[in-house]
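Engineer: any chance you can model this:
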Amino acid sequence: MIVAIHQPHYLPWLRYMAKLALADTFVLLDDVQYTKNGWQNRNRIKTANGWSYLTVPVHAHVTDRIVDVRVADDRWRPQHWKSLQAAYGRAPYFQEHSAFFEGFYASPWERLVDLNVASLEYLRSALGLRAPLVRASSLGVSGEGSERLVRICKELGATVYLSGAYAATNHLDAVAFRGSGVELAVVEWTCPTYRQCHPKVGFLPDLSVVDLLFNEGEAARQVLLRGVRTLEPISVGGGIT
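Structural biologist: Numbering: from 1, shown residues only. The predicted model follows:
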């Protein structure tokens, strides 16, 4: 069984969703430290003027865990819905998914993690991805860094831990997996071209998955997988072999 683990993101970008597409179980690392100015409360969409951030305002301190981060106010909700309508109202598959997003942005949200998970559950289903989402906070697995990743994998009965290429070469400690019975694999992914709105702007890679979903509909999953180049083993010395 392949397990991938990542912090919960807001309307995740395509690279994130590609890893989810390759996993059998996807763990949301919701009980680690929140990252300011990261992707946990924002992402990018394509507009007639280029890319633009959608950012959820939050109340967060440096030491707060993601699961404890509170949404700051409600003004962002109608703003984000209007932004999606303006950017994608003419996209081929926007109307197919508009009912969910209209309801999503009409709902009050107190915690960032809850709105992230709710939107990700919908996006996962809309793309036909089968991996269930598991919150790390529900597992009761202790530890830090790569050691905790190993413990989570073993708790879930994983035989393979799937890492993104950046994590594999920057902060993953492959030695922690030695003798664990969990094999390491790294996914190399490059954003493929696909149909987008606002052609005068040119093609923009690495946007939120909603850009792909609204433009490609049921073909979105195949587009994600088209970007996968290799799945490579990682040596116990910490480098990619």
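Engineer: roughly how far does the nearest residue to G217 once chain neighbours are set aside sit from L133?
Structural biologist: Closest residue to G217 apart from its sequence neighbours, by C-beta to C-beta, 6 or more residues apart in numbering: Y93 at 3.7 Å. In short, each C-beta sits where N, CA and C put it, glycine included. Here the criterion is C-beta to C-beta, to the nearest Å. By it, Y93 lies 23 Å from L133.
Engineer: the two - which one has more neighbours?
Structural biologist: A count of neighbours by other C-beta atoms under 10 Å puts Y93 above the other of Y93 and L133, at 18 against 15.
Engineer: just for this structure, where's the confidence low?
Structural biologist: Scanning the chain with the threshold set as pLDDT under 70 gives 232-241.
Engineer: what segments of it are helices?
Structural biologist: Assigned by DSSP state H, the helices in the chain fall at 14-22, 76-88, 94-106, 112-126, 145-156, 165-170, 209-216, 220-226.
Engineer: please export the C-alpha coordinates of the fifth one as PDB.
Structural biologist: Right, the one you point to is helix 145-156. Provided in PDB are the C-alpha atoms of helix 145-156 (Å, rounded to 0.1, in the frame of the first residue of the first chain):
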ATOM      1  CA  GLY A 145      10.200  14.700  11.300                       C
ATOM      2  CA  SER A 146      10.900  11.700   9.200                       C
ATOM      3  CA  GLU A 147      10.700   9.400  12.300                       C
ATOM      4  CA  ARG A 148       7.100  10.300  12.700                       C
ATOM      5  CA  LEU A 149       6.400   9.700   9.000                       C
ATOM      6  CA  VAL A 150       7.800   6.100   9.400                       C
ATOM      7  CA  ARG A 151       5.500   5.600  12.400                       C
ATOM      8  CA  ILE A 152       2.500   6.900  10.600                       C
ATOM      9  CA  CYS A 153       3.200   4.600   7.600                       C
ATOM     10  CA  LYS A 154       3.600   1.600   9.900                       C
ATOM     11  CA  GLU A 155       0.400   2.500  11.800                       C
ATOM     12  CA  LEU A 156      -1.500   2.400   8.400                       C
END
